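>>> below: sequence and its predicted model.
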Amino acid sequence: MTPMTASPALAATTDRVAAIRRDFPILAREVHGRPLTYLDNTASSQKPVQVIEAMNRYYREMHANVHRGVHFLSETATAAYENARLRVARFINAPHPKQIIFTRNTTESLNLVAYSWGRANLKPGDEVLITEMEHHSNIVPWQLVCAMTGATLRYVPITATGELDFEALPRLLTERTRVFAFTAMSNVLGTINPVAELVAQAHAVGAIAVVDGAQSVPHLPTDVQALDVDFLAFSAHKMLGPTGIGVLYGRRHLLEAMPPFLGGGDMIREVKMTGSRWNELPYKFEAGTPAIAEAIGLAAAIDYLEGLGLDWVGAHERELTTYAWNRLHEIEGLRILGPEPSRRGGLLAFVLGDIHPHDVAAILDQDGIAVRAGHHCAQPIHDHFGLAATTRASFYVYNTPEEIDRLVLGLYKAKALFEVEG
């Protein structure tokens, strides 16, 4: 139970991480009389004061509805909102900000593609290919749309190590495939998929590639032009930004050809009793008053992440994940799902003997350690491994080796309480 020595790379970042932590007010909290150890970043990250203040400044100084007024406050708010769109476009290297659609979250972004593109283009005999490691947000919409259109839904299986079965891919990705939708990084297994390679294979058979970037965009540099993706979805709240706003990037010609997803204000050019004409991109897909403050918060989060450097973010998480992987493997009876650290992102989902993951999480919570327990909206993965649930610890820019040591001590406590024999 003696803590390992952190790697030189982790030790070298101690001062920088300490400075980063001072930007996050919530990390100074105590929970049950213990320092908060926040290891639930895959579900939602914490917010730096720079994001909080950017949103407060909007409400204090410039709140008004956007795109509808000619007065000063409306024009100021509109400029800030559209600047956020530009910041997102630059962050993922989109060719034009018109290709950035603001939604509520990754789930809505994926539903938008499934319903708008899918209902207009899929028919009986077509196939939609997804993978066994998808979040429900990239499963259920395709199930619903395939039921509506008569298309067939197929799955790429995963291996015993929690990676895609590339040997099965050629027989599944065929000339009948119209859509290949897959995650860039699994929210349970941590598996990082080769996005550019998978996109190229989709395009080779004439399929569009839809990428769930909820877990990858906050942690890894993302260039939609280099990856050649057709659609990319992600959320602000997993990348230091606010809840309530997500992003859909799409190829311009695809977005322009798609019908609206929602109807109402701002997505129209003209409404008559006999019919309506739609607004131009991106507004055709942004019905009603948008999440203005949240967009401004997302822009501030991007500024913060770019200030840290996405290369540093990824490197820091890899070091933390390797340290946690090694420390958790000290605990007899603990099983980690997914590949080794060199092939995964900054999360570890595991089971500890026969202890229910909810009990593990509850015991850890008493020591101020926040982890996630359940099926993580990815039941097919758990079915594959014969599990109902797992406990998941996930890391981000403000986490430290000392917090992983606390996690390990808490797991030993849980093991002792339930008398789990190694």
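Yep, that arrived.

>>> please tell me how far stretch 131-144 is from the chain's geometric centre.
14 Å (C-alpha atoms, centre = their mean, to the nearest Å).

>>> give me the mean pLDDT for it.
Throughout stretch 131-144, pLDDT has a mean value of 98.

>>> how about it, which residues are buried there?
By neighbour count with 16 or more other C-beta atoms under 10 Å, stretch 131-144 contains the buried residues T131, E132, M133, E134, H135, S137, N138, I139, V140, P141, W142, L144. Where C-beta positions appear, they are placed from N, C-alpha and C, glycine not excepted.

>>> same question for stretch 324-343.
Applying 16+ other C-beta under 10 Å to stretch 324-343 flags A324, W325, R327, L328, I331, L334, I336, L337, G338, P339, P341 as buried.

>>> ok, now stretch 160-171?
G162, E163, L164, L169.

>>> repeat for stretch 310-326
In stretch 310-326, counting by 16+ other C-beta under 10 Å, buried: 310, 313-314, 316-325.

>>> can I get these in JSON lines including secondary structure?
Listed next are those as JSON lines, based on DSSP: H, G, I helix; E, B strand; the rest coil:
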{"residue": "L310", "secondary structure": "helix"}
{"residue": "V313", "secondary structure": "helix"}
{"residue": "G314", "secondary structure": "helix"}
{"residue": "H316", "secondary structure": "helix"}
{"residue": "E317", "secondary structure": "helix"}
{"residue": "R318", "secondary structure": "helix"}
{"residue": "E319", "secondary structure": "helix"}
{"residue": "L320", "secondary structure": "helix"}
{"residue": "T321", "secondary structure": "helix"}
{"residue": "T322", "secondary structure": "helix"}
{"residue": "Y323", "secondary structure": "helix"}
{"residue": "A324", "secondary structure": "helix"}
{"residue": "W325", "secondary structure": "helix"}
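
>>> now the residues you listed in a markdown table, with pLDDT and distance to T107?
Output for the buried residues of stretch 310-326, formatted as a markdown table (pLDDT from 0 to 100; distance: C-beta to C-beta, whole Å):
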| residue | pLDDT | distance to T107 |
| --- | --- | --- |
| L310 | 96 | 24 |
| V313 | 97 | 24 |
| G314 | 96 | 25 |
| H316 | 97 | 28 |
| E317 | 97 | 24 |
| R318 | 96 | 28 |
| E319 | 97 | 31 |
| L320 | 98 | 27 |
| T321 | 98 | 26 |
| T322 | 98 | 31 |
| Y323 | 98 | 32 |
| A324 | 98 | 28 |
| W325 | 98 | 29 |
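
>>> for those, which one is nearest A378?
T321 (18.6 Å; C-beta to C-beta).

>>> for S7, which non-adjacent residue is spatially closest?
Residue nearest to S7 in three dimensions, not counting chain neighbours: E319, with 5.6 Å by C-beta to C-beta, 6 or more residues apart in numbering.
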